[in-house]
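> Show me how the following folds:
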Amino acid sequence: MKGKAIIVGGSIAGISCAHALIAAGWEVVVLEKTTAVPTGCATGAGLGLDTVSFKLIQPWIKQPEILDRMTLPLTVEYEQATNGSKNSTRTLAKDPNFNFKVVHWSDLHGLLYESLPYEVVLWGHLFLSLSMSEDKSSVKVVAKLLQTDETVEIVCDLLVGADGSLSSVRKHFLPDHKLRYSGYCAWRGVIDYSDGENSETLNAIKKAYLDLGKSCYFDLGSEGHVVLHELINRRINWVWYLNQQEPTFERNSLTAKVSHDMIENMYELAEKVWIPELVKVMRETKEPFLNAIYDSEPLGQLYWNNNVVLIGDAAHPITPHGARSTNMSILDSAVLGKCLEKWGPQNLGPALEEYQSIRLPVAKEQVLFSQRLGRIKQRLPVSGREIFDPTTASEEECKVLQLKNIPYHKGIPSILM
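Purely as a prediction, here's the structure:
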């Protein structure tokens with residue numbers, strides 16, 4: 001007999017989980033509050049897939065070769081110090097075995113979604129509540145259809161919270177669990193040069209960053225740090241992490257509404273911090289946006305009542321500095337699917353316990369590492385060490401900046417082998 005799962009959240013975590021659970025023999029319904037299939041994403045940007053995630057995704061996709069065509073291999077990591085007043089940069093550390101493939105959020109999401117049966121995702125369904133049956137053998141989910149304001153009830157054997165850092169499913173069980181503001185926000189954007197073969201800005205940025213196209217650059221400046229890399233089809237992705245007070249938000253979002261004046265102020269500061277070639281890329285980006293960066297103390301558990309479980313950012317809100325958020329979501333999904341397949345729908349308790357035993361220790365270490373790395377690069381206080389100064393740091397001290405230091409960097413759970 002097939003088990004029935006409801007997944008709350010139709011972003012990459014939820015769509016990945018749907019694939020993994022369908023492969024495990026489950027009937028799956030995904031509830032997503034967005035009213036239509038995203039054809040692009042105003043707040044989406046580039047993300048990096050590690051080798052494990054790239055391999056896990058391929059069996060879920062109808063045409064795996066498309067994944068190769070929409071990703072760009074980045075083989076080198078550069079950690080640099082930038083002196084904006086002197087228009088100069090110097091290399092602090094270099095890893096020639098970086099081994100990530102970058103893809104635009106909307107490209108990856110679209111590919112995963114289109115490989116699902118069309119009836120799996122229910123768009124425009126806002127999760128409202130959950131309740132257990134008297135014997136706790138099933139979960140009843142109430143959702144609102146946003147186009148009609150009607151409510152629907154769906155009963156399932158397993159509820160998966162894949163609804164991000166602000167998870168409503170998590171809040172049901174941990175109402176006092178709070179997100180933790182990092183002390184900085186991220187200005188970010190993607191600029192498309194596909195129609196500008198002879199773009200002066202593109203040519204200039206490639207001269208300033210000679211390995212752009214095969215490398216990811218992390219530039220540390222007097223005001224925060226920048227991440228810069230190319231995407232497929234002549235697009236440039238940039239992120240500037242900037243220390244500031246916690247912004248205010250509209251509704252259930254971590255993306256702040258920005259005004260023209262806020263954007264101009266950002267550009268003016270950029271001219272004092274970064275080299276002119278990078279500032280020009282920022283200025284030519286249409287509609288840059290601002291994300292506040294949050295994480296939280298690692299959770300003590302990932303499942304409840306043997307039939308509700310968390311994955312992705314709902315399970316482990318994390319800062320982006322370890323390039324882990326999407327990769328953790330994909331790995332969570334794959335591990336959960338294999339645990340459910342191994343134990344069957346009649347043994348959810350042991351299945352969820354095994355999932356938690358595999359993923360909880362890894363998530364804890366990676367959340368704390370990412371938090372620490374972000375604070376080092378932002379020159380914020382870190383327990384047990386002095387504030388990092390890229391102008392005086394030795395070659396050995398600069399190695400702390402590299403992503404390869406993240407715990408479980410290349411670890412593959414045995415259940416996936």
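> Give me the next element, helix or strand, following whichever strand or helix holds Leu21.
Element membership for Leu21, per DSSP states H and E: helix 12-23. Going down the chain from helix 12-23, the next helix or strand is strand 27-32, by DSSP H and E.
> partner strands of that following strand, parallel or antiparallel?
strand 4-8 (parallel), strand 121-123 (parallel) (DSSP bridges).
> where do the helices sit along the chain?
For the chain, the helices defined by DSSP state H occupy 12-23, 51-57, 65-70, 105-114, 168-173, 200-208, 260-273, 276-284, 312-315, 325-343, 348-377, 395-398.
> Same question for the last one: list its buried residues.
Applying a neighbour-count criterion of 16 or more other CB atoms under 10 Å, the buried positions in helix 395-398 are 397-398. Heads up, the C-betas are built off the backbone N, CA and C, glycines and all.
> What is that helix packed up against?
strand 88-95 (3 or more CB pairs under 8 Å, 6 or more residues apart in numbering; DSSP states H and E).
> Now for the closest residue in space to Lys144 that isn't next to it in sequence: which residues touch it?
In space, Lys144 comes closest to Leu126 once its chain neighbours are excluded; the distance is 4.6 Å by CB to CB, 6 or more residues apart in numbering. Residues in contact with Leu126 (CB atoms under 8 Å, 6 or more residues apart in numbering) are 31, 33, 143-144, 146.
> and among the strands paired with strand 27-32, the most buried is which?
Burial of the strands paired with strand 27-32 is given as mean neighbour count (mean count of other CB atoms under 10 Å); strand 4-8 ranks first at a mean of 25.
> quick one: it to helix 325-343, angle?
170 degrees (axes from the mean of the first three to the mean of the last three CA atoms, to 10 degrees).
> which residues sit against stretch 337-346?
So stretch 337-346 is contacted by 1-3, 17, 19-21, 23-26, 157-158, 348, 350-352, 354-355, 358, 415-416 (CB under 8 Å, 6+ apart).
> Buried ones in it, by neighbour count?
For stretch 337-346, by 16+ other CB under 10 Å, it's 337-341, 343, 345.
> Please type out the ChimeraX selection for whichever of the contacts of stretch 337-346 turn out to be buried.
The following ChimeraX line selects those of the contacts of stretch 337-346 that are buried, judged by 16+ other CB under 10 Å:
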select :3,17,19,20,21,23,24,26,157,158,348,351,352,354,355,358
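> Nearest residue to the most centrally placed residue in the chain in space, please, no chain neighbours.
The residue lying closest to the centre of the chain (CA atoms, centre = their mean) is Ser325, at 3.6 Å. Using CB to CB, 6+ apart and skipping the chain neighbours, the partner closest in space to Ser325 is Ile318 (5.6 Å).
> before we move on, what about Pro298?
Lys364 is the one closest to Pro298 (CB to CB, 6+ apart), at 3.9 Å.
> do the same with Asp211
Val76 (5.8 Å).
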